[in-house]
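J.: build me a model:
(chains A and B)
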Amino acid sequence: MKFTVIYNNETFNKESDNDLTIKDVLDEMNLSSQTIIAKKNGEVAIEETSVEDGDEIQFVQIIFGG
Amino acid sequence: MECTKCGNPNVVIERKASGQALCKDCFIRSIEKKVIQTVKKENLIEKGDKVLVALSGGKDSVVALEILNSYVERHIIELCALTIDEGIAGYSDKGIAIAKSHTERLGVPHKIVSLKDTFGTNIDEIMALDEHRGSCTYCGVFRRWIINRVAREFGATKIVTGHNLDDETQAIMMNYLEGNVENLAKIGPKTESKSELFTVKIKPLREVPESEIALYAEVKGLDIHSTSCPYAQESFRKEVSIMLKDLSKNHPTMMYSTLRGFDKIRPAIRAEMSQNFEFERCERCGEPSSNRLCRACTFLEELGK
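T.: Got it, this is the predicted structure:
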């Protein structure tokens, strides 16, 4: 499947043969759900949400610094 | 996964500490209920209070203003707000604009006070000097001075700060690890002073995790100032924050238990550490001070202002 990740004003085009959740994508990008809100196609989504072909996943940094 | 309260399949949070999964509407209600419970339990607000919100435009103070406005709608309190212009180029202006948009939307009287107008200098000018004590030291002391004075000008009976569960837990751990029992005794939902010149400070968000405050702002569509301060630096607080966040991954109730445990021993620490010194007035500015000069004036004299 192909999907897009938007983080920090950058767009990343991703591909994967495996089933993925938002947590898998966060882990792969070395990001923490404790400091980020994830959105799937514009709607707030939890870590366990599946990523599907064509999805736009947005990571919004909500906590900066300490 | 479905909302454990109403069955809605669009869940915005899974709380690892309680096992609850909540949809947007149930999550918003849960945060508002938690804040109202804290206010009631700690007796933070009384009918007729005039409450000043120290409004930076960041998520914590914006959410505090938003939730406390429900007390205004129920004719329990009056609200007013203060935003401080620290004079940090590319940073302060954004926070002020956001703060202003919220107070205008809610019809809350709002003062914007600059460090430059008050003290003749600002954070950018101080940081350009060869010798200084670090931006956070000046910013914290000068802001507290302004907040306290403006609270009296507004005739406010309470000052609200946006401290959240992460802030409180960090403060408890930092002071404990440093052995600073005097400062530990000052932590709590309500800060009262023997001097009538100090307005009571309250922390209605102290039981809400930082991440949930941010999520509340996001799902309610509240515009917030989400840029980090350009002078933010490595600090002991940051190290403690990272440690607590790491521990919370496998122990999701840890920040709550740290706060609960501390609240139980707080009366004993306060009784042991109670100080009986009387406040005098600062010789320079007249604000209450335990020394000849208050900290703000001490810094201003150092800076030749």
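J.: pLDDT at residue A:64, what is it?
T.: What the model reports as pLDDT for residue A:64 is 68.
J.: immediately after the helix or strand that residue B:13 is a member of, which helix or strand?
T.: Using DSSP states H and E, the element containing residue B:13 is strand B:11-14. Later in the chain than strand B:11-14, the nearest helix or strand by DSSP H and E is strand B:21-23.
J.: now do the buried residues in the helix or strand just after that next one.
T.: Moving toward the C-terminus from strand B:21-23, the next helix or strand (DSSP H and E) is helix B:24-41. Buried residues in helix B:24-41, counted by 16 or more other CB atoms under 10 Å in any protein chain shown: B:24, B:26, B:27, B:28, B:30, B:31, B:34, B:35, B:36, B:38, B:39. (Glycine included, C-beta is placed from N, CA and C.)
J.: other SSEs contacting the helix or strand following helix B:24-41?
T.: The C-terminal neighbour of helix B:24-41 among helices and strands, as given by DSSP H and E, is strand B:50-54. Packing partners of strand B:50-54 (3 or more CB pairs under 8 Å, 6 or more residues apart in numbering or on different chains; DSSP states H and E): helix B:59-73, strand B:78-85, helix B:135-154, strand B:158-160.
J.: where in chain A is pLDDT low?
T.: A:64-66 (pLDDT under 70).
J.: tell me which parts of it are close to chain B?
T.: With CB under 8 Å from any CB of the partner chain as the criterion, chain A meets chain B at residues A:32, A:34-35, A:37, A:43-48, A:60-66.
J.: now the buried residues of helix B:24-41 in TSV, with distance to residue B:138 and pLDDT?
T.: Below are these laid out as TSV (distance: CB to CB, whole Å; pLDDT from 0 to 100):
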residue	distance to residue B:138	pLDDT
B:24	40	97
B:26	43	98
B:27	38	98
B:28	37	98
B:30	38	98
B:31	33	98
B:34	34	98
B:35	31	98
B:36	36	97
B:38	31	98
B:39	32	98
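J.: now the most centrally placed residue in chain A: phi and psi?
T.: Geometric centre of chain A, nearest residue: residue A:57, 4.6 Å, by CA atoms, centre = their mean. When read as degrees, to the nearest 10, the backbone of residue A:57 gives phi -100, psi 130.
J.: quick check: residues of the stretch 51-200 of chain B near chain A?
T.: With CB under 8 Å from any CB as the criterion, the stretch 51-200 of chain B meets chain A at residues B:59, B:170.
J.: do you know how far the residue nearest to the centre of chain A is from residue A:41?
T.: 8 Å (CB to CB, to the nearest Å).
J.: what's the answer for residue B:89, then?
T.: With CB to CB as the criterion, residue B:89 and residue A:41 are 37 Å apart.
J.: now do residue B:290
T.: If you go by CB to CB, the gap between residue B:290 and residue A:41 works out to 57 Å.
J.: before we move on, back to that, residues contacting the residue nearest to the centre of chain A?
T.: A:3, A:4, A:5, A:6, A:22, A:25, A:38, A:39, A:40, A:51 (CB atoms under 8 Å, 6 or more residues apart in numbering or on different chains).
J.: wait, which of those residues is closest to residue B:180?
T.: Proximity of the contacts of residue A:57 to residue B:180 (CB to CB) peaks at residue A:38, which lies at 37.8 Å.
J.: just the CA trace of the one helix or strand that closest one maps to, in PDB.
T.: Using DSSP H and E, residue A:38 sits within strand A:36-40. Taking C-alpha atoms only, strand A:36-40 is exported to PDB below (Å, rounded to 0.1, in the frame of the first residue of the first chain):
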ATOM      1  CA  ILE A  36       2.200  14.200  19.000                       C
ATOM      2  CA  ILE A  37      -1.400  14.100  17.900                       C
ATOM      3  CA  ALA A  38      -2.000  11.800  14.900                       C
ATOM      4  CA  LYS A  39      -4.600  12.500  12.300                       C
ATOM      5  CA  LYS A  40      -5.800  10.100   9.600                       C
END
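J.: name every strand pairing with that strand and say which way it goes.
T.: Applying DSSP bridges, strand A:36-40 is found paired with strand A:43-45 (antiparallel), strand A:56-61 (antiparallel).
J.: rewinding a little: how about the helices and strands packed on strand B:50-54 in TSV, adding mean pLDDT and mean neighbour count?
T.: As requested, these are arranged in TSV below (pLDDT from 0 to 100; neighbours: other CB atoms under 10 Å in any protein chain shown):
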stretch	mean pLDDT	mean neighbour count
helix B:59-73	97	22
strand B:78-85	98	23
helix B:135-154	96	19
strand B:158-160	98	23
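J.: kindly reformat those as JSON lines containing distance to residue B:48.
T.: Shown next, in JSON lines, are those (distance: least, CB to CB, whole Å):
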{"stretch": "helix B:59-73", "distance to residue B:48": "11"}
{"stretch": "strand B:78-85", "distance to residue B:48": "8"}
{"stretch": "helix B:135-154", "distance to residue B:48": "15"}
{"stretch": "strand B:158-160", "distance to residue B:48": "11"}
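J.: between those, which one is closest to residue B:305.
T.: helix B:135-154 (10.9 Å).
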